[in-house]
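Student: sequence and predicted structure below; questions after.
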Amino acid sequence: MATPMKRAVGDNNASPYLTRQPSRWRRNLVLLGLMLGVAALAWNWKRLHEQALVSAAYSARTGCVCRFVSQRSLKSCGGDVRMAGLGRMARFVWLSEDAANHAVKASVPLFASQSATFDNKAGCQLEPWTG
């Protein structure tokens, strides 16, 4: 319940309340929705992380081959990744290039990242997976 404010001297038309407080049911409904969203994310975290790791690895290798074997721009390689059949995860993959080390890094923000390095003899190789 909001508390009435003190009126200034000579201010007879001022509202007795500073601001209208949001109703409790609306606030509680928003908090419940946020809690359900966090619970759903926690429930699916392992599956989402694994899917993001596979998508990042596939994208890094595809980007490396596109960039260093085919000698195309990294921007056009992003189109190859989106057409690769990764499903909805493909739109979240970001590609970046390290030209000095001949490497392409693919990342799915907050979930996973993977790098592929080009070697003249071995081609594009992924960095080793841990755990």
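Tutor: Done, it's in.

Student: quick check: the gap between the residue positioned nearest the centre of the chain and Ser23.
Tutor: With distances taken as Cα atoms, centre = their mean, the chain has Pro109 as the residue nearest its mean C-alpha position (3.8 Å). Pro109 is 35 Å from Ser23, where distance means Cβ to Cβ, to the nearest Å. Where C-beta positions appear, they are placed from N, C-alpha and C, glycine not excepted.

Student: also Gly87?
Tutor: Taking Cβ to Cβ as the criterion, Gly87 is separated from Ser23 by 41 Å.

Student: repeat that for Tyr58.
Tutor: Counting by Cβ to Cβ - Tyr58 and Ser23 are separated by 48 Å.

Student: please report phi then psi for Thr117.
Tutor: Phi and psi for Thr117, reported as degrees, to the nearest 10, are phi -110, psi 140.

Student: any buried residues in the helix or strand of the chain with the lowest mean pLDDT, and which?
Tutor: Sorted by mean pLDDT, DSSP states H and E, the helices and strands of the chain end with helix 74-82, the least confident at a mean of 82. Buried residues in helix 74-82, counting neighbours by 16 or more other Cβ atoms under 10 Å, are found at 77-78, 80-81.

Student: could you dump that helix to CSV, C-alpha only?
Tutor: Extracted C-alpha coordinates of helix 74-82, given in CSV (Å, rounded to 0.1, in the frame of the first residue of the first chain):
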residue,chain,number,x,y,z
LEU,A,74,34.6,-15.0,-44.1
LYS,A,75,31.3,-13.3,-44.7
SER,A,76,30.4,-15.7,-47.6
CYS,A,77,31.5,-18.6,-45.4
GLY,A,78,28.8,-17.6,-42.9
GLY,A,79,26.2,-18.3,-45.6
ASP,A,80,27.6,-21.8,-46.0
VAL,A,81,27.3,-22.4,-42.2
ARG,A,82,23.6,-21.3,-42.3
